[in-house]
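Trainee: sequence first, predicted coordinates after that:
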Amino acid sequence: MRIDKALIYEAPGADPSIDRSVLDTPDGKITIVALGDPMQAPGVAHELAARGARLIELCGGISPAWRPRVAAVVGPDVKVSSVTFGIESLQPAAAYNQAFIDGKPPLAAFIILKRDAEADQERMVTVFPPLETHFIRVPDGAAAAKVAADLAQSGFGLIELYGGFSSEDAAEIIRAVDGLAPVGIGSFALDALQPAQRAATGRAA
C-alpha cells in the first residue's frame, strides 16, 4: 500500500512555499519542505496532510515540543514523528549544535528510505548558509549503513534517518557510524498509537 510521507526541516532563511521538492517512490510520495522558523511547522503540516501525507517527520533541529502542536492540526489519521538522538549521539550532536551556533556547521546528511533508489546516484543538496544538507536516497538499511559510515568517515557532522527505517536498520546504521557523527532517528509518542484518544484530547483543548 502506498503511503504519502513528508519531511519538514529547519534551514536559515528558507521559504516553505517554494523551498520544497517531491520524490515519487514505489511506497508513495515523499515531500521535503524547508522552514525558516519552527513556528511555520503546524501550518505547513496542515497543508501537507490536506494533500494526502499520512506520515510527517520533523527534523532533529525542530524540538519535539512542536510535535503535539503539529499533531493537533493534522488530525488523528496522520502520524507525526520527530527525530531524536540516543545516548551515544548526545556528545557529537552537541558538538554539531555548537558549530552551527558558531556559524560553521559541518555537512549534514538526511538518509531517506526509497525502495527503488540507487544509493550512489540519488543525491540532492540544499544550501541555506551556513547550512549545507545532503539528501541521500537508499533502497534498504544495509545500503544506509554503508552510506552513513562513508559520510561519517568523510567528516559529515550530522546524520538523520527518514522514510520508515526499522529499529534493526537504525541499530545497524548506528554501529556502522561508530560514534563519528550523531545519528538521529524518527520517534513517536504513545499518543501516535492511540489516534482516537489523541483526537478526543485535541477537541477538548
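Mentor: Cool, the structure landed.

Trainee: strands along the protein, start to end?
Mentor: 5-10, 20-25, 28-35, 55-58, 79-85, 108-113, 123-128, 131-138, 158-162, 183-187 (DSSP state E).

Trainee: by mean pLDDT, show me the worst of those strands.
Mentor: The minimum mean pLDDT among the strands of the chain belongs to strand 20-25 (a mean of 90).

Trainee: what sits up against that strand?
Mentor: 29-34, 112, 114-117, 124, 137 (CB atoms under 8 Å, 6 or more residues apart in numbering). For glycine as for every other residue, the C-beta is placed from the backbone atoms N, C-alpha and C.

Trainee: now do the same contact list for the residue most central in space within the chain.
Mentor: Centroid check for the chain by CA atoms, centre = their mean gives residue 59 as the closest residue, at 4.1 Å. Residue 59 sits next to 7, 8, 9, 10, 83, 110, 160, 184 when contact means CB under 8 Å, 6+ apart.

Trainee: tell me how far it lies from residue 152.
Mentor: Residue 59 sits 18 Å away from residue 152, taking CB to CB, to the nearest Å as the criterion.

Trainee: repeat that for residue 173.
Mentor: Distance from residue 173 to residue 152, by CB to CB: 10 Å.

Trainee: list residues touching both of these two?
Mentor: Both residue 173 and residue 152 are contacted by residue 159, under the criterion CB under 8 Å, 6+ apart.

Trainee: please report how far residue 107 lies from residue 53.
Mentor: In this view, residue 107 and residue 53 are 27 Å apart by CB to CB.

Trainee: so these two - more neighbours on which side?
Mentor: Applying other CB atoms under 10 Å to residue 107 and residue 53 shows that residue 53 carries more neighbours, namely 24 against 17.
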